[in-house]
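**Student:** dropping the sequence and predicted coords here.
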Amino acid sequence: MFDGVAKNYDKANDLLSFGSARIWRKKVAKLVNSQPGQTILDLAAGTGSSSIVFLREGVKVVAADFSNGMLEEGRRRHPELEFVFADAAALPFADREFDTVTISFGIRNVEKTEVALAEMLRVLKPGGKLVICEFSRIPNNFLHGLYRFYLRNILPTLSGLVSKTPEAYSYLAESIDAWPSQQELVKIIESAGFESVSYLNQTLGIVAIHTGFKPKVV
């Protein structure tokens, strides 16, 4: 599915989120706070638009994705990044290889969340940071109802105008409804072995950014 939308994926996301996607990426970059000497793993990196914001002098960024179509487009756009084909549930990296692991709008699409989180914990260095940006639940029930109406009734029409493969977006409302709330995701991340887990709501809670740390002594 993602192979087919790779070329116009970022443009469609910017339009369908009314520009908020760029704001969310900047917030993730601020929380990651990449420093010289660090190695950052960005999972579900797609074309690299979420990865390029971490790149600075002295920082190594690995952009990983399960879609070869996305990776091909990413290599064309961002030759300065290292792109790697990777299954989040079986990462092709060594133990304790990364200072930070981040995933934006990808963990919701992983078949087994707990397995993927265990892999992220494995490849992190002790004390390393996890940053997850994902669609979440608006705390206000009225606003959440309006948002669900947008997802189910307006988004399909808009996606047909900005994407040649609107069916690729048809799963979005269902997957968001099935995804855990902010507090539930905190418990899932903690159960995987992370500590000091917290979250920040973005855009009224449409998106939440969760952070956690691998224990320094494991």
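**Tutor:** Everything's here; your move.

**Student:** going by C-alpha atoms from here, please, whenever you check contacts or count neighbours.
**Tutor:** Noted.

**Student:** and the most centrally placed residue in the chain, what does it touch?
**Tutor:** Among the residues of the chain, Ser104 comes closest to the average C-alpha position under CA atoms, centre = their mean, at 1.1 Å. When contacts are counted by CA atoms under 8 Å, 6 or more residues apart in numbering, Ser104 touches Leu43, Ala44, Ala45, Ser50, Ile132, Cys133, Glu134.

**Student:** closest one of those residues to Glu119?
**Tutor:** Leu43 (11.3 Å; CA to CA).

**Student:** and for that closest one, the neighbour number?
**Tutor:** Neighbour count of Leu43, defined by other CA atoms under 10 Å: 29.

**Student:** state the distance from it to Phe149.
**Tutor:** Distance from Leu43 to Phe149, counting by CA to CA, to the nearest Å: 30 Å.

**Student:** show me what counts as buried in the biggest strand by length in the chain.
**Tutor:** If you go by DSSP state E, the chain has its longest strand at strand 124-135. Under the neighbour-count criterion of 16 or more other CA atoms under 10 Å, strand 124-135 has Leu124, Lys125, Pro126, Gly127, Gly128, Lys129, Leu130, Val131, Ile132, Cys133, Glu134, Phe135 buried.

**Student:** out of those residues, the closest to Arg25 would be?
**Tutor:** Once CA to CA is applied, the member of these that ends up nearest Arg25 is Cys133, at 8.7 Å.

**Student:** low-confidence ranges, the chain, go.
**Tutor:** Applying pLDDT under 70 to the chain picks out residues 1-18, 159-170, 218.

**Student:** elements contacting the longest helix seen in the chain?
**Tutor:** Longest helix in the chain by number of residues, with DSSP state H as the criterion: helix 20-32. Using 3 or more CA pairs under 8 Å, 6 or more residues apart in numbering; DSSP states H and E as the contact test, the elements touching helix 20-32 are helix 9-16, strand 124-135.

**Student:** and the next helix or strand after that helix with strand 124-135, angle?
**Tutor:** Downstream of helix 20-32, the next assigned helix or strand under DSSP states H and E is strand 39-43. In terms of direction (axes from the mean of the first three to the mean of the last three CA atoms, to 10 degrees), strand 39-43 departs from strand 124-135 by 40 degrees.
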